[in-house]
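**Student:** this is the structure alone, sequence omitted:
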């Protein structure tokens, strides 16, 4: 068993996971052949700027184009323009970026090549409401989806049928060949769901979008409902001839990152157990299950023996129960798990977003252990009330247990590691 302090050990696993999701490795492995014509780069997501820089470092030839990323996530590039916009709630800068991306590809010819760099966060960064809807309508839709508790796959079905750029529409707007290089933050790694698939179509329908609206009680503007009941909302189908020459590649994913973290744990003498790279569900409920397994291992050495570290990925959700709370799904997981392991010394965990930002605050996630709740109460805080108020950020900030990394340059979504010793 490693003698490394638990938090240092957990951070080393996170670092290994993020390192394995470095887009440069995947881009090198999937570089397309040079075209007869121009090579134009487009992209969107929280790691899109770093993907653009990585592509520039290995592409032997002329490049042009632009990608959009979250404010503060940009980096220096030589030829590819970086635009910053708002995430997780869209803004006018994103609207301009979406329009410019469409304009960039729409004038290209069959001999040209489009390299699309797509990763998580692109849905919010590419607002492009259809005729009859406004940016304000798309902002309201995004806020409703984020508060609904719906899984990301369901959110993106709705988004892509209320957009002029998502659901493969960006790729359908060009005569050029499109090669999409995708860093997946989606459980199951369906490329059409990453960033709502601006360059990759899928078989979902507007009727499915309407059913999701009904199921989650989304109070959409009447114009949005009217659009969804109209054939105008239909997205291009995967068998549309416009996509015949296109291809896409998943160049990084949660599964690869968890394997890297597992190898790091094993090298330090701790048995790794990967639960799943595609876990979804309410964050606090997922936390309860993880905590129950951890307690079983701690007390009974089953279903596996300690010392061990449980690893999982995917994308959980948070149904907002109160206004004014701060934090994201990983902080919510950590706080709920802390309540469930209260008093169990020997259990330590880290829950963090691999892009470096959990929700809308400046932390990637949080640490927790069997003494977290005791420390919160000693600070005069009520952990149950904080959880009920979706205020995990305030909880962990008060006791110095926030996990802060800054932007990592990639995004394969949630990373959870629970050490039992």
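**Tutor:** Looks like it arrived, so ask away. Keep in mind it's a predicted model, so treat the numbers as computed, not measured.
**Student:** show me where the stretch 1-150 of the chain has strands.
**Tutor:** Shown for the stretch 1-150 of the chain, the strands assigned by DSSP state E, counting those that start in this stretch span residues 39-44, 64-70, 81-85, 113-119.
**Student:** which non-adjacent residue is nearest residue 110?
**Tutor:** Excluding its sequence neighbours, the residue lying closest to residue 110 (C-beta to C-beta, 6 or more residues apart in numbering) is residue 175, at 5.1 Å. (Glycine included, C-beta is placed from N, CA and C.)
**Student:** which residues touch the one you found?
**Tutor:** Neighbour list for residue 175: 108-110, 112 [criterion: C-beta atoms under 8 Å, 6 or more residues apart in numbering].
**Student:** then residue 31?
**Tutor:** 58-59.
**Student:** how about 7 Å then?
**Tutor:** Neighbour list for residue 31: residue 58 [criterion: C-beta atoms under 7 Å, 6 or more residues apart in numbering].
**Student:** one more: residue 30?
**Tutor:** With contact set as C-beta under 7 Å, 6+ apart, residue 30 has these partners: 181, 249, 251.
**Student:** was I right about residue 179 contacting residue 118?
**Tutor:** No. Using C-beta atoms under 7 Å, residue 179 is not in contact with residue 118; the gap is 10.9 Å.
**Student:** what's the single longest strand in this structure?
**Tutor:** In the chain, taking DSSP state E as the definition, the longest strand is strand 271-279.
**Student:** if you count neighbours, what's buried in that one?
**Tutor:** 271-273, 275, 277-279 (16 or more other C-beta atoms under 10 Å).
**Student:** neighbour count: residue 179 and residue 118, which is higher?
**Tutor:** Shown here are residue 179 and residue 118; by other C-beta atoms under 10 Å, residue 118 has more neighbours (30 against 21).
**Student:** spit out the contact partners of the more buried one.
**Tutor:** 43-45, 180, 182, 194-195, 198-199.
**Student:** what is it paired to in the beta sheet?
**Tutor:** Beta-bridge partners for residue 118, by DSSP bridges, are residue 44, residue 182.
**Student:** find me the pLDDT at it, would you?
**Tutor:** On pLDDT, residue 118 comes in at 98.
**Student:** do you know how far it is from residue 413?
**Tutor:** Per C-beta to C-beta, to the nearest Å, residue 118 is found 14 Å from residue 413.
**Student:** same check, this time on residue 190
**Tutor:** Noted for residue 190: a distance of 13 Å to residue 413, by C-beta to C-beta.
**Student:** gap between the closest residue to residue 382 other than its chain neighbours and residue 143?
**Tutor:** Excluding its sequence neighbours, the residue lying closest to residue 382 (C-beta to C-beta, 6+ apart) is residue 376, at 7.9 Å. Distance of residue 376 to residue 143, computed by C-beta to C-beta: 29 Å.
**Student:** more crowded one of these two?
**Tutor:** For residue 376 versus residue 143, the count of surrounding residues by other C-beta under 10 Å is larger for residue 376: 23 against 14.
**Student:** hmm, back to that, distance to residue 291 added to the strands of the stretch 1-150 of the chain, as CSV?
**Tutor:** Converted to CSV, those look like this (distance: least, C-beta to C-beta, whole Å):
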stretch, distance to residue 291
strand 39-44, 36
strand 64-70, 31
strand 81-85, 37
strand 113-119, 30
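**Student:** out of those, nearest to residue 390?
**Tutor:** Counting by C-beta to C-beta, residue 390 lies closest to strand 64-70 out of those; the figure is 21.4 Å.
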